[in-house]
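Engineer: Let me see the structure of the following:
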Amino acid sequence: MGIKNISQYIERIAHRVSRHKPVVIIEIGNDWLKILECNSSSRDNFITKASFMKLSQIKESVPDAISGIFRELKLNKNNVLACIPRHLVTVRILELPSTDPKEITDMIELQIGKQTPYAKEEVVFSHRIIDAERDGYTKAMLVIVKHSLIKERLVALEKVGINVSKVALSSEGVYDWFSTIELPQLQSDYSNAIIIVDVDSNYSDFFVVYKGKVSFTKNILIGANNLIDERERYQEKFIDELRRSMELYYEEIKGKKAAKLFFLGASKNIPDLANILSARLDIPCQTLDTIKNIQIGEKASRLFQNEDYKFISVTPLIGLAMKYNALQFDLMPNEMRIKKRVEEKKKYLTKAGILVIGIFTILTFLLFLHIYNKNTYKAQLEDKLAKIKEGAQDIDRMHRLINLAQERLDAKGDCLSLLSGLYEIIPKEIYFTSVDIERKKQLTIKGRAPVMSDVFKFVGVLENSHYFKNVKNNYATQKKEDNNEFVDFEIVCAYEE
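Structural biologist: I've put the predicted structure just below:
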């Protein structure tokens, strides 16, 4: 496996692991800073940590304030999603004469200049298919946001060490919440349109869901700040904006009449809102509590109960966390996306290199450990062999002693018995100068006799003895020494054991 394959393998593992890590959602709006930590893999709490701050109350820079919140709540800086509020983006519903995804993408790129007063390079855009209609037409939702607006947020967060992995639209979060929590409970075949209005502090997000998909969206610049603190002044304007948005949906999209209208977000803190609007708009209205069926940690729960935060909506943040790995709009600028990919590749390659070095180190260690164990085992065997050898030498020594003792007990082969027998038959005239006994083979006798006949007589005596056989006279030589004559002889014979 090469470094590249190891890097890809590590990247896949990291992606799988990140899916189970808590995700931090940040929304920097016009008046509020919202931060949620959500953990979809937790069995106890979905929302684990939260922080809400009014921008006007932040004395330091917003990035420094965010950094302080991350430090105080001990939030993960590497699994962060930036949420862009609906009122900061432009959304268009386009009907395009094609069903081919590539052609649709090309057509949308051509439409960018027509839909906004900005050049293509000055905006970030993303789209999703709403519906594939008959006659080869496709309905798509196009989201456009100023490049500078996103970049300044990402750069600011990057300076305080926060690594934003995704940039998403708040409207998608609202839809994800509704489709996950409420839509499955509706007794509907999705043939009727449903209106959803998420009320935030200074704006409201109006969109229509038809056949389970968002088919229309509009931003209304009236929020909870207006409807709670200045209700008499803004309620009629709010009703007019809702009515105008519904009429625009019916006229432009030629959509079906909506069956029901749901209010989300801060609407639960606006008394009797649903009842009043049901009568005025001629459509059943219902207010839903966004966090009612969401499990929240103890500290975060106390924060949600605080009256100071009754003006804000956390619906987008919760919804984006629910579908974090399946978001359809991607508002990350291309150059920053490429930069992040390069940085991630470097990080994964570094990890792969460290892993390879680690594996090599471990294998080297295991090899040396194996050699050490072999050498230790060899030394142990040699030690045991030395002890066995020492014992074997003792046994061999004992064996030789036993054999010697057995030979000593056998009188037939005993040297003393042989010499005793030789002594018994030696004539008085003969005397020996040497007797050489070659064990279990032969006897060599050297000696002297007065005359030659005494030597031959002694040979005959040996031949007649039952101790000796094959008697042979090697030599008999006449010699003279100090005027005395004698015969020097050597006799060789075999002896019986």
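Engineer: Quickly list the domain ranges of this structure.
Structural biologist: Following automatic domain parsing, one finds the domains of the chain at 3-332, 413-495.
Engineer: Take the ones you listed and lay them out in a markdown table including mean neighbour count, distance to residue 359 and mean pLDDT.
Structural biologist: All C-beta spots, glycine's among them, are computed from the backbone N, C-alpha and C. As requested, those are arranged in a markdown table below (neighbours: other CB atoms under 10 Å; distance: least, CB to CB, whole Å; pLDDT from 0 to 100):
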| stretch | mean neighbour count | distance to residue 359 | mean pLDDT |
| --- | --- | --- | --- |
| domain 3-332 | 17 | 9 | 88 |
| domain 413-495 | 14 | 71 | 86 |
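Engineer: what about these, which gets the closest to residue 354?
Structural biologist: domain 3-332 (9.8 Å; CB to CB).
Engineer: roughly how far out does that closest one sit from the chain middle?
Structural biologist: Centre-to-centre, domain 3-332 and its host chain are 33 Å apart (CA atoms, centre = their mean, to the nearest Å).
Engineer: Please convert the domains of the chain to TSV, extending it with distance to residue 389.
Structural biologist: Putting the domains of the chain into TSV (distance: least, CB to CB, whole Å) gives the following:
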stretch	distance to residue 389
domain 3-332	53
domain 413-495	29
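Engineer: can you tell me which of those domains comes nearest to residue 374?
Structural biologist: Closest of these to residue 374 is domain 3-332, at 30.8 Å (criterion: CB to CB).
Engineer: which residues sit against stretch 116-134?
Structural biologist: Residues outside stretch 116-134 that contact it (CB atoms under 8 Å, 6 or more residues apart in numbering) are 90, 93, 95, 99, 101, 104-105, 108-109, 112-113, 138-148, 150, 167, 211, 213-215, 328-334.
Engineer: Out of those, which sit inside helices?
Structural biologist: Among the contacts of stretch 116-134, DSSP state H puts 101, 104-105, 108-109, 112-113, 147-148, 150, 334 in helices.
Engineer: Farthest pair within those?
Structural biologist: Between any two of these (CB to CB), the greatest distance is 29.2 Å, for 101 and 148.
Engineer: show me what contacts residue 145?
Structural biologist: Taking CB under 8 Å, 6+ apart, we find residue 145 in contact with 84, 88-90, 123-125, 331.
Engineer: Quick check: the gap between it and residue 124.
Structural biologist: Distance of residue 145 to residue 124, computed by CB to CB, to the nearest Å: 5 Å.
Engineer: Please apply the same query to residue 272.
Structural biologist: Using CB to CB, residue 272 is found at 41 Å from residue 124.
Engineer: what's the answer for residue 388, then?
Structural biologist: Residue 388 sits 84 Å away from residue 124, going by CB to CB.
Engineer: cool, and residue 226?
Structural biologist: When residue 226 is compared with residue 124 (using CB to CB), they lie 30 Å apart.
Engineer: and what of residue 23?
Structural biologist: Residue 23 sits 21 Å away from residue 124 when distances are taken as CB to CB.
Engineer: Of all the domains of the chain, which one is nearest residue 378?
Structural biologist: That would be, of these and by CB to CB, domain 3-332, which comes in at 36.9 Å.
Engineer: Three-state assignment for residue 360, please.
Structural biologist: helix (DSSP: H, G, I helix; E, B strand; the rest coil).
Engineer: wait, what's in contact with the closest residue to residue 227 other than its chain neighbours?
Structural biologist: Leaving aside its sequence neighbours, residue 227 sits nearest to residue 270 (CB to CB, 6 or more residues apart in numbering; 5.0 Å). When contacts are counted by CB under 8 Å, 6+ apart, residue 270 touches 199, 224, 227-228, 231.
Engineer: Redo those residues as CSV? Include secondary structure and distance to residue 64.
Structural biologist: Converted to CSV, the contacts of residue 270 look like this (DSSP: H, G, I helix; E, B strand; the rest coil; distance: CB to CB, whole Å):
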residue, secondary structure, distance to residue 64
199, strand, 30
224, helix, 28
227, helix, 33
228, helix, 30
231, helix, 36
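Engineer: Which member of the residues you listed is positioned nearest residue 458?
Structural biologist: Using CB to CB, residue 199 comes nearest to residue 458 of the contacts of residue 270, at 147.9 Å.
Engineer: Now the closest residue to residue 179 other than its chain neighbours, what are its backbone angles?
Structural biologist: Leaving aside its sequence neighbours, residue 179 sits nearest to residue 212 (CB to CB, 6+ apart; 7.1 Å). Backbone geometry at residue 212, expressed as degrees, to the nearest 10, gives phi 80, psi 0.
Engineer: next one: residue 51
Structural biologist: The phi/psi pair for residue 51 (degrees, to the nearest 10) is phi -150, psi 130.
Engineer: go on, residue 60?
Structural biologist: Note on residue 60: its backbone torsions stand at phi -100, psi -170 [degrees, to the nearest 10].
Engineer: now do the one 3 residues further on
Structural biologist: Backbone geometry at residue 63, expressed as degrees, to the nearest 10, gives phi -60, psi -40.
Engineer: In contact with it, which residues?
Structural biologist: Contacts of residue 63 (CB under 8 Å, 6+ apart): 156-157, 159-160.
Engineer: Kindly report the same for residue 433.
Structural biologist: 446-448.
Engineer: immediately after the helix or strand where it lies, which helix or strand?
Structural biologist: Assigned by DSSP states H and E, residue 433 belongs to strand 431-438. Downstream of strand 431-438, the first helix or strand assigned by DSSP H and E is strand 442-449.
Engineer: Just checking: what are the partner strands of that next one?
Structural biologist: Strand 442-449 pairs in its sheet with strand 431-438 (antiparallel), strand 484-495 (antiparallel), by DSSP bridges.
Engineer: And the contacts of that strand?
Structural biologist: By CB under 8 Å, 6+ apart, the residues outside strand 442-449 that reach it are 418, 422, 429-438, 455, 458, 468, 476, 486-495.
Engineer: before we move on, the earlier item: the residue nearest to residue 179 against residue 183, yeah?
Structural biologist: Yes: using CB atoms under 8 Å, residue 212 is in contact with residue 183, at 7.1 Å.
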